[in-house]
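S.K.: Sequence isn't available, so here's the structure alone:
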RNA sequence: GGGCGCGUAGCUCAAACGGAUAGAGCAUCGGAUUUCUAAUCCGACGGUUGCAGGUUCGAUUCCUGCCGCGCCUACCA
């Protein structure tokens, strides 16, 4: 509703300026005044026009305010300060719209959208960095779906790469395990932890003697070729670890629709099809001499593309096909993205892989699929949640699409880039790692799967649950074991998801258990607690929080809203209604800027306003029945919006806390 | 060397296209509960927004140059 009114205001002002001054303004800046007393919207427009019209800002502002006339939903405009135009909403009207949950929406483009996230190498346990990726991605999916978009969620599985090969080397060369041994091991509860340690050991083994690396090359070759014992073992391991990853993410209510694997991109010859297109269009260039002799290369992204492609300077070359004929991962990624947009002319085979408790089916790619399956891919718009370190590789894929002539697709390809999660030196020390004097001085230290250095996702979730459980046990000893476990679980998920969402994407998260395990202040549990308090009021009053608003909607006169929300004494409660009206607007902003942190901030703001309100008003003891009903309606609306925003972040609210 | 990003309170972070007095949380200190649960609320303390210029009526935000930090810059993924 808030965004809708803002658009209307902008349109009216635009029309007025066009009429009065014959000026077409492309975009009109609208912001929020520092305090609600000044109104709900502020336009600094007059400052901008002052030079153009050769008039002082104040007089321009006065002219606009005087001439624009009545705008639906608004009380009026006024001039403030040196020339701001502030707009006041009709509070009663907006409150009634919010109460009945009216959501006028600007035409939503019904593009089919694909979000790729997680994409964890299936060779070891997931760690905190993967959690940030998955939580950002899953939340973005929820936001897109909230606005009515149709979204496919994909998790790309690199099951034929070096990382999987290294763990295979570990099992075969270090541990001398047979296929049957590995199969037995893979059935243990946290097989991914076993692989985590083994992977670190393999790295040490490589360090000990360079010749050990030959094992990797041999295993890698066998995996890529397929149809042999080593490849079968790699398949066994990667599927077992993948299943563990899905279980870990399932604990956070993160689900996937489809798991495309690199093995199928290889074996279904996706690359051949892509290669033909790329060479035909001259995007790939063969190097017959120089450093990259014998390779097919592409121009690195981000460079001046006017220069002749055929003569790319050596340092600007990105090798796509190696001189031995094998394809690097960027090449496979180009093929995969041609498929995403339905431009490859080939498709995966599909089979069922993982069934969620809610009966949602997750599919996996296969050379020979099941006859009956949904079709993934062929979308109009994609978002790839991939950390900032891969920006250049992502841009290279985008450039390849563009140079192939797929401009539309390239324009709808968004690298949803975010910074990594690192560990504070204190956290690293806590985990038992020895730090150099230099490392101790750093603000953060990068995690490294190769070294086994990092916080495992399941460990963190376990600790959060244990910590929440301790609190719940002491507060609600009368509840059953299951009830307490379930509440602790919701709180843990709320804390973790909020923690990963509250930072803006370009900020490196310096992970620390103390911060992550906090349930106070700007945290998920803080927002959950606000909802619990709201629910308690209704429970004590013997009312149904879900339906209260709808039930009394027609019994509250407009004059009552005007009275209780009047400027002055009503400002404080009005802020709650105004914030409640902003949810859709905030979601739109978050999508447009691919920044879920806006949504987290909004949730916190709502909770903070509510907690303050809760403290100031004793609703159930309110003697004035009409006023009591109004306060209850206020609680119902804020509660509804908080639940909605939290749910968009994948956070549910416990019945009690 | 080149590319991308960052530098804001003791710490961790905000600040919508350049706007009104740069805001939160944590930490520290002081207060609030006969009440709908204190995982809460209120107050205090805390800032030359890395430095120097420039553009502008107005700069944390845009431009230039420095300083510091991180990441990328492999025939790894």
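M.R.: That came in fine, so what should we check first? It should be emphasised that the depicted structure is a prediction, and the values quoted were computed from it without experimental measurement. Numbers count the residues shown, from 1 in each chain, chains lettered A, B, ... in the order given.
S.K.: what about residue A:417, helix or strand, and which?
M.R.: strand A:413-418 (DSSP states H and E).
S.K.: With residue A:492 instead?
M.R.: Secondary structure (DSSP H and E) places residue A:492 in helix A:481-501.
S.K.: Quick one: work out the angle between that helix and strand A:413-418.
M.R.: 110 degrees (axes from the mean of the first three to the mean of the last three C-alpha atoms, to 10 degrees).
S.K.: what about helix A:481-501 and RNA strand B, any contact?
M.R.: Yes. Helix A:481-501 lies within reach of RNA strand B by C-beta under 7 Å from any atom of the strand, at A:487, A:491. (C-beta placed from N, C-alpha, C; glycine too.)
S.K.: Now do the SS call for the residue positioned nearest the centre of chain A.
M.R.: Centroid check for chain A by C-alpha atoms, centre = their mean gives residue A:136 as the closest residue, at 2.4 Å. What DSSP: H, G, I helix; E, B strand; the rest coil gives for residue A:136 is helix.
S.K.: what helices or strands is the helix holding residue A:492 leaning on?
M.R.: If you count contacts as 3 or more C-beta pairs under 8 Å, 6 or more residues apart in numbering; DSSP states H and E, helix A:481-501 packs onto helix A:128-146, helix A:457-475, helix A:513-516, helix A:524-541, helix A:597-616.
S.K.: What residues of it count as buried?
M.R.: A:484, A:487-501 (16 or more other C-beta atoms under 10 Å).
S.K.: ok, now stretch A:329-349?
M.R.: Applying 16+ other C-beta under 10 Å to stretch A:329-349 flags A:329-341, A:343-344, A:347-349 as buried.
S.K.: Restricted to strands, list those.
M.R.: Of the positions in the buried residues of stretch A:329-349, residue A:349 sit in strands, assigned by DSSP state E.
S.K.: before we move on, the earlier item: for residue A:358, find the nearest of the helices and strands packed on helix A:481-501.
M.R.: helix A:128-146 (14.5 Å; C-beta to C-beta).
S.K.: correct me, but residue A:644 touches residue A:580?
M.R.: No. In this structure, residue A:644 is not within contact of residue A:580 by C-beta atoms under 8 Å, at 9.6 Å.
S.K.: residues contacting residue A:387?
M.R.: Shown in contact with residue A:387 (C-beta atoms under 8 Å, 6 or more residues apart in numbering): A:129, A:133, A:417-420.
S.K.: As JSON lines, those residues with pLDDT, distance to RNA strand B and neighbour count would be great.
M.R.: Putting the contacts of residue A:387 into JSON lines (pLDDT from 0 to 100; distance: C-beta to the nearest atom of the strand, whole Å; neighbours: other C-beta atoms under 10 Å) gives the following:
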{"residue": "A:129", "pLDDT": "96", "distance to RNA strand B": "12", "neighbour count": "24"}
{"residue": "A:133", "pLDDT": "98", "distance to RNA strand B": "14", "neighbour count": "23"}
{"residue": "A:417", "pLDDT": "96", "distance to RNA strand B": "8", "neighbour count": "17"}
{"residue": "A:418", "pLDDT": "97", "distance to RNA strand B": "10", "neighbour count": "27"}
{"residue": "A:419", "pLDDT": "96", "distance to RNA strand B": "7", "neighbour count": "17"}
{"residue": "A:420", "pLDDT": "95", "distance to RNA strand B": "7", "neighbour count": "17"}
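S.K.: And those residues, which two are furthest apart?
M.R.: So, those by C-beta to C-beta: farthest apart are A:129 and A:417, at 13.8 Å.
S.K.: on that earlier part again, which helix or strand lies directly C-terminal to the helix holding residue A:492?
M.R.: strand A:509-511.
S.K.: and RNA strand B, which of the buried residues of stretch A:329-349 reach it?
M.R.: residue A:329.
S.K.: For residue A:519, grab phi and psi.
M.R.: With angles defined as degrees, to the nearest 10, residue A:519 sits at phi -120, psi 10.
S.K.: Could you do the one 3 residues further on as well?
M.R.: Taking degrees, to the nearest 10, you get phi -80, psi 80 for the backbone angles of residue A:522.
S.K.: shouldn't it be in contact with residue A:502?
M.R.: Yes. Assessed by C-beta under 8 Å, residue A:522 is found in contact with residue A:502 at 6.4 Å.
S.K.: ok, these two, which is more surrounded?
M.R.: Set residue A:522 next to residue A:502 and count neighbours by other C-beta atoms under 10 Å: residue A:502 wins out with 20 against 16.
S.K.: residue contacts, the residue in the stretch 451-600 of chain A positioned nearest to RNA strand B?
M.R.: Here the stretch 451-600 of chain A gets closest to RNA strand B at one residue, residue A:521, 2.1 Å apart by C-beta to the nearest atom of the strand. By C-beta under 8 Å, 6+ apart, the contact list for residue A:521 is empty.
S.K.: Check the one 4 residues further on too.
M.R.: Shown in contact with residue A:525 (C-beta under 8 Å, 6+ apart): A:468, A:491, A:494-495, A:519, A:657.
S.K.: could you dump those residues to CSV with pLDDT?
M.R.: CSV is the format used below for the contacts of residue A:525 (pLDDT from 0 to 100):
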residue, pLDDT
A:468, 97
A:491, 98
A:494, 98
A:495, 98
A:519, 96
A:657, 95
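S.K.: So which of these is the closest to residue A:449?
M.R.: residue A:495 (24.4 Å).
S.K.: overlap in contacts of residue A:522 and residue A:502?
M.R.: With C-beta under 8 Å, 6+ apart, residue A:522 and residue A:502 have common neighbours residue A:604.
S.K.: that older thread, wait, which of the contacts of residue A:525 is closest to residue A:573?
M.R.: Of the contacts of residue A:525, the one sitting nearest to residue A:573 (C-beta to C-beta) turns out to be residue A:657, at 24.4 Å.
S.K.: For the stretch 51-200 of chain A, what lies in contact range of RNA strand B?
M.R.: A:51, A:80-82, A:84, A:86, A:121, A:158, A:161-163.
S.K.: Please spell out the PyMOL selection for the buried subset of these.
M.R.: Per 16+ other C-beta under 10 Å, the buried members of those correspond to this PyMOL selection:
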select buried, chain A and resi 80+84+86+121+158+161+162+163
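S.K.: which residue ranges form the strands in the stretch 201-350 of chain A?
M.R.: Shown for the stretch 201-350 of chain A, the strands assigned by DSSP state E, counting those that start in this stretch span residues A:258-259, A:285-286, A:296-299, A:317-321, A:349-355.
S.K.: and the fourth one with RNA strand B, contact?
M.R.: Yes. For strand A:317-321 and RNA strand B, the contact criterion (C-beta under 7 Å from any atom of the strand) is met by residue A:319.
S.K.: other SSEs contacting that strand?
M.R.: strand A:296-299, helix A:329-340.
S.K.: Now do that strand against helix A:329-340, angle only.
M.R.: 70 degrees.
S.K.: Measure how far strand A:317-321 is from the centre of its chain, please.
M.R.: Centre-to-centre, strand A:317-321 and its host chain are 31 Å apart (C-alpha atoms, centre = their mean, to the nearest Å).
S.K.: What mean pLDDT does that strand get?
M.R.: Average pLDDT, strand A:317-321: 94.
S.K.: that older thread, can you flag the weakest of the helices and strands packed on helix A:481-501 by average pLDDT?
M.R.: When I compare those, helix A:513-516 is least confident, with a mean of 93.
S.K.: Nearest spatial neighbour of residue A:467, chain-adjacent residues omitted?
M.R.: The shortest distance from residue A:467 to any non-neighbouring residue, by C-beta to C-beta, 6 or more residues apart in numbering, is to residue A:517 (5.3 Å).
S.K.: so that neighbour makes contact with residue A:495?
M.R.: Yes. Contact criterion C-beta under 8 Å: residue A:517 and residue A:495 qualify, at 7.3 Å.
S.K.: Got phi/psi on residue A:437?
M.R.: phi -60, psi -40.
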